[in-house]
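Q: Could you look at this predicted model? Sequence included:
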2 protein chains.
Amino acid sequence: MKLHWSPRSPFVRKVMVAAHELNLADRIEPVRTVVAMKAPNRDLLLDNPLSKIPTLVLDDGTAIFDSLVICEYLDTLAGGRLFPRDGMSRWHALTRHALANGLLDHLILWRNEREKPPERQTPEWLDSFALKTRETLARLERDAAWLDGEPFDIAHITVGVLLGYLDFRFDDLRWRDAHPRLTAWNETFAARPSARATEVRDG
Amino acid sequence: MKLHWSPRSPFVRKVMVAAHELNLADRIEPVRTVVAMKAPNRDLLLDNPLSKIPTLVLDDGTAIFDSLVICEYLDTLAGGRLFPRDGMSRWHALTRHALANGLLDHLILWRNEREKPPERQTPEWLDSFALKTRETLARLERDAAWLDGEPFDIAHITVGVLLGYLDFRFDDLRWRDAHPRLTAWNETFAARPSARATEVRDG
């Protein structure tokens, strides 16, 4: 399997953490693929017309995306437990994934916005990104009990990736200051071999 | 069940088309919820810290989102066939959903960008949105055979909602001109009772 990959993308990292948890990392061939909102990648367009990473390409050429679909595909391939199959545990896990993943979407937009020259920024958007980030982190802190629960699933992975991305691109927010339970949980996440093998980085 | 709802949102429409297809629409109480990138909705934040619609709230207060998770929840509740359970048909359906849904995400951003005063727009973003839209529609046109196939699933719904949204907000693109197969398929989609009951509109 080929994976359109970048060391900077939190969504790629989510897939790679899942692959390591499932002992599938050795079967994935990462292909460095550079994308940006300003510059679609024309090679990637052949596999994914949205020019988004991660995109997984199976040996027969079948493309699978987005990151959530790739993770569930890998989980099924490995007979894993990252996605509860049935019952309310499935909807809880997928909603918690959507919360952390949706905040990552906002953070990517926020970063794009705040790196513009000031005269082209939209102040209401910056306020809105900041508010949604505060609200989401407050919710995760309030409900942190599930993070300590078992089994470790796609929601745990995505919260870990989210907190790692905050450290990578939004260090100025100092998210740990107001979130002691998330801070403690993040220590356990960051110590997992799957997390250590996949830290986001420039380069 | 309560659904944070708006007649303008394609993602809400996706859920409502699914609900009609599954004969669950009568069990959903729509609550008009206004959101915008510039103005988060503080009531909605209690159920969804990202302030995004649709958000489904079960009778016991459990919130379920995003639109894909709500659709799969409803499908499971009804014992439906909108989500293939196993095999490659599942990954095909979910990837096709991700393609159409991802383009909807881009169109929302494109609309926000092009409505700004010209001096605050980012021309490279506008070019990128236009390119991804062309590429995605070309791919859907090329692969349109699956649209005519059975069973009607979450990918069909999302392509139908995407084309309806293009008519609603991007009429200037004249998408039908270069896409005869999509145009023909869209006629069959738009004639379904589930589509007729849920057309996006201002108001």
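A: Great, that's in hand.

Q: What is the longest helix seen in chain A packed up against?
A: Longest helix in chain A, counting residues (DSSP state H): helix A:88-114. Contact here means 3 or more C-beta pairs under 8 Å, 6 or more residues apart in numbering or on different chains; DSSP states H and E; on that basis helix A:88-114 packs against helix A:10-21, helix A:67-78, helix A:123-142, helix A:154-169, strand B:63-64, helix B:67-78. The C-beta positions use only the backbone N, C-alpha and C, and glycine is treated the same way.

Q: Now do the contacts for the residue lying farthest from the centre of chain A.
A: Largest separation from the mean C-alpha position in chain A: A:Glu119, at 30.6 Å (C-alpha atoms, centre = their mean). Contact analysis of A:Glu119 by C-beta atoms under 8 Å, 6 or more residues apart in numbering or on different chains lists B:119-120.

Q: Torsion angles phi and psi at it?
A: phi -70, psi -10 (degrees, to the nearest 10).

Q: ok, it to A:Leu109 distance?
A: 19 Å (C-beta to C-beta, to the nearest Å).

Q: thinking again about what came up before, reformat the helices and strands packed on helix A:88-114 as CSV; add mean neighbour count, mean pLDDT and distance to B:Pro193.
A: Compiled in CSV, the helices and strands packed on helix A:88-114 are given as follows (neighbours: other C-beta atoms under 10 Å in any protein chain shown; pLDDT from 0 to 100; distance: least, C-beta to C-beta, whole Å):
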stretch, mean neighbour count, mean pLDDT, distance to B:Pro193
helix A:10-21, 26, 98, 37
helix A:67-78, 22, 98, 29
helix A:123-142, 17, 96, 36
helix A:154-169, 23, 98, 35
strand B:63-64, 21, 98, 25
helix B:67-78, 22, 98, 16
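
Q: can you list those in a markdown table and add distance to B:Pro30?
A: Converted to a markdown table, the helices and strands packed on helix A:88-114 look like this (distance: least, C-beta to C-beta, whole Å):
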| stretch | distance to B:Pro30 |
| --- | --- |
| helix A:10-21 | 32 |
| helix A:67-78 | 26 |
| helix A:123-142 | 23 |
| helix A:154-169 | 28 |
| strand B:63-64 | 15 |
| helix B:67-78 | 13 |
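
Q: So for A:Pro49, which of the ones you listed sits nearest?
A: Ranking these by proximity to A:Pro49 (C-beta to C-beta) places helix A:67-78 first, at 15.3 Å.

Q: Confirm for me that A:Met1 is in contact with A:Asp59.
A: Yes: using C-beta atoms under 8 Å, A:Met1 is in contact with A:Asp59, at 6.8 Å.

Q: In space, what's closest to A:Ile64 - neighbours in sequence excluded?
A: The shortest distance from A:Ile64 to any non-neighbouring residue, by C-beta to C-beta, 6 or more residues apart in numbering or on different chains, is to A:Leu56 (4.5 Å).

Q: same question, A:Arg27
A: Leaving aside its chain neighbours, A:Arg27 sits nearest to A:Met1 (6.0 Å; criterion: C-beta to C-beta, 6+ apart).

Q: residues near that neighbour, how many?
A: Residue neighbour count, defined by other C-beta atoms under 10 Å in any protein chain shown, stands at 18 for A:Met1.

Q: Let me see the contact set for it.
A: A:Met1 touches A:27-29, A:56-59, counting by C-beta under 8 Å, 6+ apart.

Q: Apply 6 Å and report the result again.
A: A:27-28, A:56, A:58 (C-beta atoms under 6 Å, 6 or more residues apart in numbering or on different chains).

Q: Which one of those residues is nearest to B:Thr33?
A: A:Leu56 (34.9 Å).

Q: gap between that closest one and B:Phe83?
A: Distance, A:Leu56 to B:Phe83, using C-beta to C-beta: 19 Å.

Q: Same drill for these two, tell me which one is more crowded.
A: A:Leu56 (28 against 20).

Q: Ignoring the adjacent residues along the chain, who's closest to A:Val34?
A: With sequence-adjacent residues excluded and distances taken as C-beta to C-beta, 6+ apart, A:Val34 is closest to A:Asn41, at 6.2 Å.

Q: hang on, the one you found packs against A:Ser51?
A: Yes: using C-beta atoms under 6 Å, A:Asn41 is in contact with A:Ser51, at 5.3 Å.

Q: In terms of packing, which of the two has more residues around it?
A: A:Ser51 (26 against 17).

Q: Make sure the more buried one is indeed in a helix.
A: No: per DSSP: H, G, I helix; E, B strand; the rest coil, A:Ser51 lies outside any helix segment and is coil.

Q: now it, nearest residue through space, not along the chain?
A: A:Pro40 (3.9 Å).

Q: Just list the residues touching that neighbour, thanks.
A: A:Pro40 touches A:51, B:128, B:131, counting by C-beta under 6 Å, 6+ apart.

Q: the domain parsing of chain A - what is it?
A: A:2-78, A:88-196 (automatic domain parsing).

Q: Same list (the ones you listed) but as JSON lines, adding distance to B:Leu22.
A: What follows is the domains of chain A, written out as JSON lines (distance: least, C-beta to C-beta, whole Å):
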{"stretch": "domain A:2-78", "distance to B:Leu22": "21"}
{"stretch": "domain A:88-196", "distance to B:Leu22": "16"}
